[in-house]
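> Here's a sequence, model it:
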Amino acid sequence: MNKIRNFIVPGIVSIGLLFCVALLWYAYREEGWFRKESMEKQESFFGAIQVKAKNLKGKDGEAVIPNPEGEMEGIIVKAGLKAEDWDVRHAAGLTNQAILNQMGLLENRYAFSLLKPDEKQLYAELYLILAGHHSEVPLCETDPEILEYVEHCVYLDCPELFYANGCIYTKMLLGDTVCRIIYEPVYTMSKDEADACVGKINEYSTNALAGIAMNSSVYDKVKHVYEYVILNTEYELNSKDDQNICSVFLYGKSVCMGYSRAVQYLLRELGIESCIVYGHSVNGEAHSWNLVDTGNAYYFVDATWGDSSYLSHINGADQLISLNYDYLFVTNDDLSNTHVIDSRIPIPRCVSDQYNFYVKEKLYVEEVSAEEFLAIFGTEAFNELPYVAFRCKDEETYREVRRHLIDENHIFDYLDENVVSLNFTYNEIMHTYTFLF
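I've put the predicted structure just below:
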């Protein structure tokens with residue numbers, strides 16, 4: 001009996017082990033030991049990242065195959081893609097040559113220029129997907145963190161993708177290894193609706209740039225865009241589409257993100273690259289503005305803070321002029337008094353004041369002298385406007401100017417004799433004065 005028992009027990013164990021192995025093999029063959037997690041993400045500047053994760057089962061019965069187009073220099077495939085995945089990519093226009101061509105078209109964009117080769121390829125893939133209004137497209141990248149970072153760079157560089165905001169992506173895992181990612185953008189409007197908006201955007205852009213020639217200087221182009229956006233936009237919280245260019249171009253009302261994206265879009269139409277800078281004001285209010293590449297140096301431009309309607313919003317009082325030039329071509333030193341940069345990408349230090357409005361227009365007071373004030377109040381920069389503005393080189397000069405022009409009433413020594421009264425405003429932080437006649 002013991003011999004029989006000794007035979008039967010191991011036999012039962014062996015059969016059980018064989019059954020478990022067979023069951024696991026079936027599960028692997030049918031399910032591939034894959035699970036899918038779906039995660040919804042939105043740009044953090046617009047609010048907290050929203051995440052929803054769920055475990056699903058997905059078949060992987062078809063074998064992973066190499067790129068049907070073959071290998072091409074500059075194209076990196078990290079994901080294990082099936083035949084149907086390649087079909088979806090190609091239907092969305094993600095061929096080897098299209099990706100390389102798109103990378104070439106994007107080479108001057110600031111955030112794109114900072115990326116590694118594989119990240120630039122992913123950027124081009126995302127751009128092609130978004131530009132074509134495609135959805136649920138497999139990517140060559142398998143790292144979710146790289147995907148989120150590169151998508152962030154796309155939105156920093158590309159105001160023309162106004163109809164997209166974040167994404168849902170599905171990652172397929174074998175154990176803890178991500179084998180492929182399916183990218184599904186979150187579109188805020190249909191392709192037909194977006195196309196209709198593009199027509200209106202083109203019309204606005206044509207009108208906005210009619211007053212500046214393509215062969216104008218970089219300085220004149222940026223100044224023109226700064227003025228046009230400010231004079232044709234009202235700052236209004238919770239305005240329609242206020243996180244994209246439609247708020248400015250279609251409705252004429254926006255907040256800082258709409259202003260900065262509108263400036264970025266129009267500058268690119270004039271051949272000037274810029275990037276969105278995220279941050280906040282020193283009082284903690286979330287804010288965005290532009291980093292502008294003039295070809296020789298970088299400068300900050302903040303059209304929102306140049307708009308009197310914004311200043312009225314934060315100060316609770318009407319402003320005497322429609323716009324100011326305090327935030328046109330400014331440096332880190334200028335900006336640090338009021339703005340705090342909080343960017344995920346490296347932002348270069350802006351140190352040149354060559355293009356600063358007040359320096360360029362010879363409205364920069366270095367010392368209190370009759371000669372300087374006679375030149376400023378006779379300047380052509382404001383010859384068609386009922387006011388003159390200038391900047392002082394430092395706080396000491398700023399206070400000395402106030403004593404001379406205002407406290408001692410010498411301002412009238414430099415004006416036409418018909419001017420008998422005036423108003424003035426000042427910015428203690430930027431050391432500027434504006435006199436209105």
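
> Name the SS class of the spatially most central residue of the chain, please.
Nearest residue to the geometric centre of the chain (C-alpha atoms, centre = their mean): residue 156, 2.3 Å. Following DSSP: H, G, I helix; E, B strand; the rest coil, residue 156 is assigned to helix.

> which one is residue 244 nearest to, not counting chain neighbours?
residue 162 (3.8 Å; C-beta to C-beta, 6 or more residues apart in numbering). Backbone N, C-alpha and C define where each C-beta goes, glycine included.

> can you tell me the helix or strand for the one you found?
Under DSSP states H and E, no helix or strand contains residue 162.

> Is residue 340 in a helix, a strand, or coil?
Going by three-state DSSP: residue 340 is strand.

> likewise the one 4 residues further on?
At residue 344 the chain is in coil, as set by three-state DSSP.

> burial count for it?
Neighbours of residue 344 under the rule other C-beta atoms under 10 Å: 14.

> Name all residues that make contact with it.
Counting by C-beta atoms under 8 Å, 6 or more residues apart in numbering, residue 344 makes contact with 149, 152, 278.

> 7 Å instead, please
Shown in contact with residue 344 (C-beta atoms under 7 Å, 6 or more residues apart in numbering): 149, 152.

> With adjacent residues omitted, what lies nearest to residue 292?
Per C-beta to C-beta, 6+ apart, closest to residue 292 is residue 274, 4.5 Å.

> Quick check: the residue nearest to residue 244 touching residue 242?
No - look at residue 162 against residue 242 with C-beta atoms under 7 Å: they stay out of range, at 11.4 Å.

> the more surrounded of those two?
Per other C-beta under 10 Å, whichever of residue 162 and residue 242 has more neighbours is residue 162, with 24 against 20.

> roughly how far apart are the more buried one and residue 293?
22 Å (C-beta to C-beta, to the nearest Å).

> returning to that earlier point: isn't the residue nearest to the centre of the chain up against residue 277?
No - in this structure, residue 156 is not within contact of residue 277 by C-beta under 7 Å, at 8.5 Å.

> Please parse this protein into its domains.
Listed domain ranges for the chain are 30-188, 190-360, 361-437 (source: automatic domain parsing).

> For my notes, please list those in JSON lines and give mean pLDDT for each entry.
Converted to JSON lines, the domains of the chain look like this (pLDDT from 0 to 100):
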{"stretch": "domain 30-188", "mean pLDDT": "83"}
{"stretch": "domain 190-360", "mean pLDDT": "93"}
{"stretch": "domain 361-437", "mean pLDDT": "88"}
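
> List phi and psi for the residue nearest to residue 292.
phi -150, psi 170 (degrees, to the nearest 10).

> what's the neighbour count on it?
Neighbour count of residue 274, defined by other C-beta under 10 Å: 29.

> So it sits against residue 289, correct?
No - in this structure, residue 274 is not within contact of residue 289 by C-beta under 7 Å, at 9.8 Å.

> Residues in contact with stretch 395-408: which ones?
365-368, 392, 410-411, 431, 433.

> Just the terminal-to-terminal distance for stretch 228-239.
One end of stretch 228-239 to the other measures 19 Å (C-alpha to C-alpha, to the nearest Å).

> how about it: buried residues?
In terms of neighbour count (16 or more other C-beta atoms under 10 Å), stretch 228-239 has its buried residues at 228-230, 233-236, 239.

> Over to stretch 141-153?
Under 16+ other C-beta under 10 Å, the buried positions of stretch 141-153 are 141-143, 146-153.

> Who are the contact partners of the residue nearest to the centre of the chain?
Contacts for residue 156 were tallied using C-beta under 7 Å, 6+ apart; they are 111, 275-276, 345.

> try 8 Å
Taking C-beta under 8 Å, 6+ apart, we find residue 156 in contact with 110-111, 275-276, 345.

> In contact with residue 147, which residues are there?
Counting by C-beta under 8 Å, 6+ apart, residue 147 makes contact with 122, 139, 141, 169, 181, 183.

> Max pairwise distance over these: which two?
Within the contacts of residue 147, 122 and 169 form the most distant pair, 11.9 Å apart (C-beta to C-beta).

> and those two? which has more neighbours close in?
residue 122 (28 against 21).
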